[in-house]
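Q: Requesting a structural model of the entry that follows:
(one chain, ligands or ions: 3)
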Amino acid sequence: MVAKQHTKPDPHAFTVCYVRRSAHHRWLCCDITFSCPNQGLRQQWIQAISENLALLSHRPRCLLVYINPHGGRHLAKWIYDRKVAPLFCRAGISTDVIITERANHARDHLRAQHGDLKKYDGVVCVGGDGMVNEILHGLVSRTQTDHRVDQNQPDAHLVPCSLRIGIIPAGSTDCICYTTMGTNDPVTSALHIIVGDSQPMDVCSVHNNNTFLKYSVSLLGYGFYGDVLTDSEKKRWMGPLRYDLAGVKTFLSHNYYEGSIWFVPAQETQGQPRDQEQCLAGCHVCQQGSYSEKKKLKHLSEDEKFIKGSGSEWCVVRGKFLAVNAATVSCACPRSPRGLSPSAHLADGTADLILVRKCSRFGFFRHLLRHTNADDQFDHPFVEVHRVRRFLFQPKNQEVSDSTEDLSDSEMEKRVKTNAFRPICHASDDITAQSNWTCDGEILPHAAIQAAVSVMNSTTNARQKERQREK
Ligand SMILES: Nc1ncnc2c1ncn2[C@@H]1O[C@H](COP(=O)(O)OP(=O)(O)OP(=O)(O)O)[C@@H](O)[C@H]1O
Ligand SMILES: CCCCCCCCCCCCC/C=C/[C@@H](O)[C@H](CO)NC(=O)CCCCC
Ligand SMILES: [Ca+2]
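A: Ligands and ions are numbered 1, 2, ... in the order given. Coordinates of the predicted model:
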């Protein structure tokens, strides 16, 4: 990692810090000390190592760090100070640290930055999924505003951000960290940041009536998870335990919700939700996905990109559901080490849409239990899973007219694009109970949504370009 001068006991020795892989995707920081016959040779080694390290332009030199002191077990500051800051210091990384004072502090701060972000190589989030989502919003919104992209347009082509986001897990679920890194260990995260690792991610944009609502990078959940999150918000003081209590309560209430889900299956991808492939670094499905997407979209106008980007036909599923989940990534976390959809990909431009129909309590319990072991959670007659590029959910009292089933695909696309679906409410209709969506663990107080997935790859930033020129 870095070469540093060694003072005692051998004046001609120097120590190199390096990364060692350990079990369960963990990384450790280790030291090795070399002894030199004389001071001259020692200086030569230190200089050579330092010069070579300086050539690695993807390594960060300056980071903006946001710490949410209220996430998870309220240990974020302690984790950063004790486990992360000393490693950044050894790696010669300078930092500006902001401890957030309220929800959305980090998002608003990032949105308000203009040229000021140029001095940074990345943004570090010390917190949970909600905090990562906040920082993602700050950066993505900032970038779209700078490039005059209207985020309210569901078909807007998102401009990639030039800054990477590093995640130090200090939340309750830490699903985004666990899914991307394979562990929720702060030291492993810090070491990935130090060596300049990066991973593109799928970002799901969520709209309602041509109004932008949120971006999601892990779970968009309606029904069971929406209800768990809504209930758990009232118990935030309990920390991570709030999810267990709200989970049991929601399970016992056994609520189901009626509605229709329209979706575009991702037919051109190589993977399938039940192919038992796991998305790992250098994943061929993600590489093929982003390549074919780029190639396909290259010759199209912006308007055509939205329509052709889906590349397939709309399908509809109607019924009574205990849960409607869209997992943009596997959503692996310590509670569920393989995740909600173990074969979902990090950056293939798709989400796995998991529909759990109304079933017995016992059936649903077996389905949930399979998230915690090696059994297939989709192997139930009441569960279906589809790999999709986009989807639309209409709750029962806002359902799309049956006549849309006779529409051609292009007419369907046109209606989605112009949001020409109107709630069909009859005076005689019962207003069916509705749930909320949960988006990366935060509540979206909407039932009818449109969602579309796109791959977000960070571009080379100004400082990296500068360093590449220096080489
Ligand atoms: N200083 C603060 N005071 C109160 N809320 C904050 C503060 N800073 C950030 N937040 C908000 O707290 C919410 C939850 O934080 P975070 O995601 O870090 O923890 P968590 O919810 O316990 O973990 P997870 O999302 O992994 O379940 C975020 O949505 C964020 O907007
Ligand atoms: C009978 C045994 C039942 C065991 C059930 C275990 C099921 C675990 C599945 C966990 C899936 C987590 C998906 C991640 C979602 C995150 O975006 C979100 C924010 O951090 N966390 C939750 O929604 C927290 C969700 C917590 C749910 C309990
Ligand atoms: Ca995906």
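
Q: so Asp348, which of the three states?
A: coil (DSSP: H, G, I helix; E, B strand; the rest coil).

Q: what does the model give it for pLDDT?
A: What the model reports for Asp348 is a pLDDT of 94.

Q: my guess is Pro169 meets Asn184, correct?
A: Yes: the criterion here is CB atoms under 8 Å, and Pro169 meets it with Asn184 at 4.2 Å. The way it works is simple: take the backbone N, C-alpha and C, and place the C-beta from them, glycine included.

Q: between the two, which one's more packed in?
A: Pro169 (30 against 24; other CB atoms under 10 Å).

Q: check contacts around the more buried one.
A: Taking CB atoms under 8 Å, 6 or more residues apart in numbering as the criterion, Pro169 is in contact with 128, 177-178, 184-186, 189.

Q: now those residues: which count as buried?
A: Buried members of the contacts of Pro169, scored by 16 or more other CB atoms under 10 Å, are 128, 177-178, 184-186, 189.

Q: Can you name the two of these that sit furthest apart?
A: Gly128 and Asp185 (14.6 Å; CB to CB).

Q: And this structure, what are its domain boundaries?
A: 1-55, 204-455 (automatic domain parsing).

Q: ok, of these, where does mean pLDDT dip lowest?
A: Minimum mean pLDDT among the domains of the chain: domain 204-455, a mean of 83.

Q: Packing partners of the helix or strand containing Leu53?
A: Assigned by DSSP states H and E, Leu53 belongs to helix 39-54. Counting contacts by 3 or more CB pairs under 8 Å, 6 or more residues apart in numbering; DSSP states H and E, helix 39-54 is packed against strand 3-5, strand 13-21.

Q: where do the helices sit along this protein?
A: 39-54, 76-79, 85-90, 105-112, 129-146, 175-181, 186-194, 224-233, 241-253, 284-297, 302-310, 361-369, 409-418, 462-470 (DSSP state H).

Q: what sits against the one residue in the stretch 351-471 of the chain that gets nearest to ligand 3?
A: Minimum separation of the stretch 351-471 of the chain from ligand 3 (CB to the ion) falls at Ala351, amounting to 5.7 Å. Contact analysis of Ala351 by CB under 8 Å, 6+ apart lists 202, 204, 220, 326-328, 344, 387-388, 391, 451, 453.

Q: just Asp375 next, same as before
A: Counting by CB under 8 Å, 6+ apart, Asp375 touches Leu369.

Q: where does it fall, phi/psi-wise?
A: Main-chain torsions, Asp375, degrees, to the nearest 10: phi -70, psi 160.

Q: mind checking how far whatever residue of the stretch 151-300 of the chain ends up closest to ligand 3 is from ligand 1?
A: Proximity of the stretch 151-300 of the chain to ligand 3 (CB to the ion) peaks at Asp202, 4.0 Å away. Distance, Asp202 to ligand 1, by CB to the nearest ligand atom, to the nearest Å: 18 Å.

Q: Hmm, Asn457 and that residue touching each other?
A: No: when contacts are counted by CB under 8 Å, Asp202 is not listed as touching Asn457 (10.4 Å).

Q: Overlap of the contact sets of these two?
A: Ala347.

Q: give the contact list for the residue of the stretch 151-300 of the chain closest to ligand 3.
A: Counted by CB under 8 Å, 6+ apart, Asp202 has contacts 217, 328-329, 345-351, 453-456.

Q: which residues does it bridge with?
A: Under the criterion DSSP bridges, Asp202 forms beta bridges with Val455.

Q: Report how many residues lie close to Val455.
A: Val455, neighbours per other CB under 10 Å, totals 21.

Q: Against Arg338, how distant is it?
A: 23 Å (CB to CB, to the nearest Å).

Q: how about the strands of the stretch 301-450 of the chain, start to end?
A: For the stretch 301-450 of the chain, the strands defined by DSSP state E, counting those that start in this stretch cover 315-327, 351-357, 383-395, 437-439, 442-444, 449-456.

Q: of the contacts of Pro169, list those near ligand 2.
A: Among the contacts of Pro169, the residues lying close to ligand 2 (CB under 6 Å from any ligand atom) are Gly128.

Q: List just the nearest of the contacts of Pro169 to ligand 2.
A: Ligand 2 lies nearest to Gly128 out of the contacts of Pro169, by CB to the nearest ligand atom, at 5.7 Å.

Q: do you know how far that closest one is from ligand 1?
A: Taking CB to the nearest ligand atom, one finds Gly128 at 2 Å from ligand 1.

Q: Ok, Pro11 next?
A: 46 Å.

Q: residues near Gly239, how many?
A: Counted by other CB under 10 Å, the residues lying close to Gly239 total 16.

Q: Which of the helices and strands packed on helix 39-54 sits closest to ligand 3?
A: strand 13-21 (25.4 Å).

Q: tell me which residues in the closest one are buried?
A: Applying 16+ other CB under 10 Å to strand 13-21 flags 14, 16-17, 19 as buried.

Q: that older thread, for the contacts of Asp202, which one is nearest ligand 2?
A: The closest of those to ligand 2 turns out to be Val217 (CB to the nearest ligand atom; 8.6 Å).

Q: who touches the closest one in this structure?
A: Counting by CB under 8 Å, 6+ apart, Val217 has contacts 132-133, 136, 176, 201-204, 328-329, 440.

Q: Get me the contact residues on the stretch 51-200 of the chain for ligand 2.
A: Residues of the stretch 51-200 of the chain lying near ligand 2 (CB under 6 Å from any ligand atom): 128-129, 173, 175.

Q: If you tally nearby residues, what's the number for the closest residue to His284 other than its chain neighbours?
A: Among residues not flanking His284 along the chain, Gln270 sits closest, at 7.1 Å (CB to CB, 6 or more residues apart in numbering). When neighbours are counted by other CB under 10 Å, Gln270 registers 16.

Q: same thing with Leu28?
A: Neighbours of Leu28 (other CB under 10 Å): 13.

Q: Just to check, it is in contact with Val187?
A: Yes: applying CB under 8 Å, one finds Leu28 in contact with Val187, separated by 7.0 Å.

Q: show me the contacts for the closest residue to Ile167 other than its chain neighbours.
A: In this structure, Ile167 finds its nearest non-sequential neighbour in Cys177, 4.5 Å apart by CB to CB, 6+ apart. Cys177 is in contact with 132, 167-169, 184, 189, counting by CB under 8 Å, 6+ apart.

Q: what's the farthest-apart pair in the residues you listed?
A: Val132 and Asn184 (12.2 Å).

Q: So which residues on the chain come close to ligand 3?
A: By the rule CB under 5 Å from the ion, the part of the chain lying against ligand 3 is 202, 345, 348, 350.
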